[in-house]
Structure formats: structure tokens, C-alpha cells
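*Asks:* What follows is a predicted structure for the sequence shown.
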Amino acid sequence: MRSSHASPRSYAGQRALVTGGCSGLGLELVKLLVADGARVLVGDVHDQAPVGVLPPEVEYRRLDIRSDEQWDEARVWVESNWQGLDLLVNNAGVAAGGRIDVTSMDDWKWIVDINLLGVVRGCRTFTPMLKEQRGGQIVNTASLAGLVHSPAMASYNAVKAGVVALSETLLHELSPWDITVSVICPSFFRTNLASSLQGKDVEMEETAVDLINKAPRGAGEVAAAAYAGMKAGKFIVLTDPDGRIAYNSKRFSRPIYTATMKRAGKSLAKGGPAIPPLVAKLQARMAQRSK
């Protein structure tokens, strides 16, 4: 783990692969990398890059992160054109939510294959290259849901927690090769992620869509905070005040956190919202405790 006193890294001239880089957080990170002088390859599910979306300097390849073959093709491209990679950003993902007795097993398999195994595939594909170089950086996009586990979000919480656990494992496992690892954990922000929602728990997904669309922050603001954390070599990168309040309440005021989550579960059982009040309630209870 990088020292808090270490100088921020520079991405000038660095070779970076960003998955899910045609929209949302991924696109904003691509723009920041290009502005800093990095060479960027974007992998996304489109056959061709959407016209006018990516900066003109950016390379593009179709990369469905569920496909082992397409990951291998991306590795071959990187080896042939760049002879190595400095930064891997596993950002592509989808959204899902729902109560445990409503979400289908097909929906579980879908989100696990994309949000967790997609990140695993990226790390497995490029770790040998980074080891051979004896250096590099892996950045995985998780979510605050990987750290703070609200009711009615079991599948999303589970895969994002898996990404955090994978990232922490690699942080230690790859450190002998001077490979650093960061995991980005944003709270809700305005993005097209809502369009990927699918599943049987329509009521819970409507709540999630509303939270995404009405979030106070956009992808650009979240990307700026994430990018600063990446450059500083932070492991867990929290991108907004809401996330820091919720995460710190779980770490340092566990009884308050647990009581608030249980109240959210009771609200859900009575037909009320499970997610919207959580951070506000945690903040209020933490403030009361500090008096």
C-alpha cells in the first residue's frame, strides 16, 4: 500500500485499459486519463465505439467482460501494440436489486457473471503481464454497496463485496511485484447504470432507478474523486460524503449502524422504502452521539 506521504503518481505516457469506458464513470475516467497524457484502450460491448463519444486519441475494442476469448484478444492487442500495460481499470458493470425471495437465480447468475467474474477475468488476464513487468496498477470499480449492505440489494451487495474482497486479496498477493490495487466505492450517482437494471423485483428496482436519477452527484464529480484516489494509491476510494458517513458508522459505531439497518428492514417489510433514509438516519444518529 502506498504511503500517505508518497507523491501522486503520474499517468503521462502510461498504457491504460478501461472496461465500460463508453459511458458513465468509465467514460469520465477515460477523459481524465487522456487529459493527463495516457494512452488509453477502451473495451466495451459495442461492436464499434459510439460516434463522437470517446476522445479521438483513444483506441477501442469490443470487450464483453463475460467472454474469456475477448479478454484474450484484448491481451494480444496490448502485447502487439504496446508491449505491456501500466493500468487496468475493471469498471464495466450492471445494476440489480431485489429481495432474496423475489430475485430469480437467473438474475443472480447474470450479475455474478458480469460484476464479479468480469473483474476476476480482467485480473487473471493481465496479472501475468504485470508480474513480468514487475509493476503496474489495477483499479476495480465496486460500490458503497460492497462495504455497506442495505436490505433488498442482496445480489448487488454480494458481488460488490466480492470485488472489494478480491481487490484486498490482490493488494497483498501482488505487492511483491510492485503492483498496486485500488477499489472505487461510490454511492448513488447520476449515470446510465439504471438502464441495465433487470429482474423480477420491479418495486425495488423502481426505488433504485429513482435514487440514481435523483442523486446529487454526476459521473464527472465521482470520477474526479476516484481519479484523485487512484493517483494517490489509496486502496479503498470513497468518492462522496454519504459514503464516508455510512462506511465510518459501520466501522466505528457498529450498534448505530446495525440498529439503522434493522429499522430499514422493518420499513421494507411494512411496504416502505429500504434504501433512501439510510444515510440521512446514520448521519443524524452519528451527530447525536458526538454531542
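*Replies:* In hand now; what should we look at? Numbers count the residues shown, from 1 in each chain.

*Asks:* okay, and for this structure, where does confidence drop off?
*Replies:* Along the chain, the parts satisfying pLDDT under 70 run over 1-6, 189-217, 268, 272-291.

*Asks:* quick one, what contacts Arg121?
*Replies:* Neighbouring residues of Arg121 by C-beta atoms under 8 Å, 6 or more residues apart in numbering: Ile65, Arg66, Asp68, Trp71. Using the backbone N, CA and C atoms, a C-beta is placed for each residue, glycine as well.

*Asks:* one more time with 10 Å, if that's ok
*Replies:* Residues in contact with Arg121 (C-beta atoms under 10 Å, 6 or more residues apart in numbering) are Thr19, Ile65, Arg66, Ser67, Asp68, Gln70, Trp71, Asp72, Asn90, Asp113.

*Asks:* Show me the helices in this protein, by range?
*Replies:* Counting by DSSP state H, the segments of the chain that form helices are 24-35, 68-81, 105-111, 117-133, 154-173, 202-213, 219-232, 241-252, 254-269, 278-290.

*Asks:* Which stretch among these is buried most, on average?
*Replies:* Highest mean neighbour count of the helices of the chain: helix 24-35, a mean of 22 (counted as mean count of other C-beta atoms under 10 Å).

*Asks:* just checking, what packs against that one?
*Replies:* On a contact count with 3 or more C-beta pairs under 10 Å, 6 or more residues apart in numbering; DSSP states H and E, helix 24-35 meets strand 15-19, strand 39-44, strand 87-90, strand 136-141, helix 219-232.

*Asks:* Put the alpha carbons of it into PDB.
*Replies:* These are the backbone C-alpha positions of helix 24-35, laid out as PDB (Å, rounded to 0.1, in the frame of the first residue of the first chain):
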ATOM      1  CA  GLY A  24     -20.800   6.900 -17.100                       C
ATOM      2  CA  LEU A  25     -17.900   6.700 -14.700                       C
ATOM      3  CA  GLY A  26     -15.700   4.800 -17.200                       C
ATOM      4  CA  LEU A  27     -16.000   7.500 -19.800                       C
ATOM      5  CA  GLU A  28     -15.200  10.200 -17.300                       C
ATOM      6  CA  LEU A  29     -12.100   8.300 -16.200                       C
ATOM      7  CA  VAL A  30     -11.000   7.900 -19.800                       C
ATOM      8  CA  LYS A  31     -11.300  11.600 -20.300                       C
ATOM      9  CA  LEU A  32      -9.200  12.300 -17.300                       C
ATOM     10  CA  LEU A  33      -6.500   9.800 -18.300                       C
ATOM     11  CA  VAL A  34      -6.300  11.300 -21.800                       C
ATOM     12  CA  ALA A  35      -6.000  14.800 -20.400                       C
END
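
*Asks:* now the angle between strand 136-141 and it, please.
*Replies:* Using axes from the mean of the first three to the mean of the last three C-alpha atoms, to 10 degrees, one finds that helix 24-35 and strand 136-141 are set 150 degrees apart in direction.

*Asks:* relative to helix 219-232, how tilted is helix 24-35?
*Replies:* Interaxial angle of helix 24-35 relative to helix 219-232 (the same axes, to 10 degrees): 60 degrees.

*Asks:* which non-adjacent residue is nearest Ala232?
*Replies:* Pro8 (5.4 Å; C-beta to C-beta, 6 or more residues apart in numbering).

*Asks:* who's in contact with that neighbour?
*Replies:* Pro8 neighbours (C-beta under 10 Å, 6+ apart): Arg2, Tyr227, Ala228, Gly229, Met230, Lys231, Ala232, Gly233.

*Asks:* Leu238 now?
*Replies:* 144, 147, 184-187, 225-226, 229, 244-248.

*Asks:* Quick check: bridge partners of it?
*Replies:* In this entry, Leu238 is beta-bridged to Cys185, by DSSP bridges.

*Asks:* Tell me the spacing between it and Ser7.
*Replies:* Using C-beta to C-beta, to the nearest Å, Leu238 is found at 21 Å from Ser7.

*Asks:* Same check on Gly265?
*Replies:* Counting by C-beta to C-beta, the gap from Gly265 to Ser7 is 45 Å.

*Asks:* and the two most separated of the contacts of Arg121?
*Replies:* Using C-beta to C-beta, the contacts of Arg121 span at most 17.1 Å, a distance reached by Asp72 and Asp113.

*Asks:* ok, back up a step: adding distance to Gly52, write the helices and strands packed on helix 24-35 out as CSV.
*Replies:* Listed next are the helices and strands packed on helix 24-35 as CSV, based on distance: least, C-beta to C-beta, whole Å:
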stretch, distance to Gly52
strand 15-19, 18
strand 39-44, 14
strand 87-90, 22
strand 136-141, 24
helix 219-232, 17
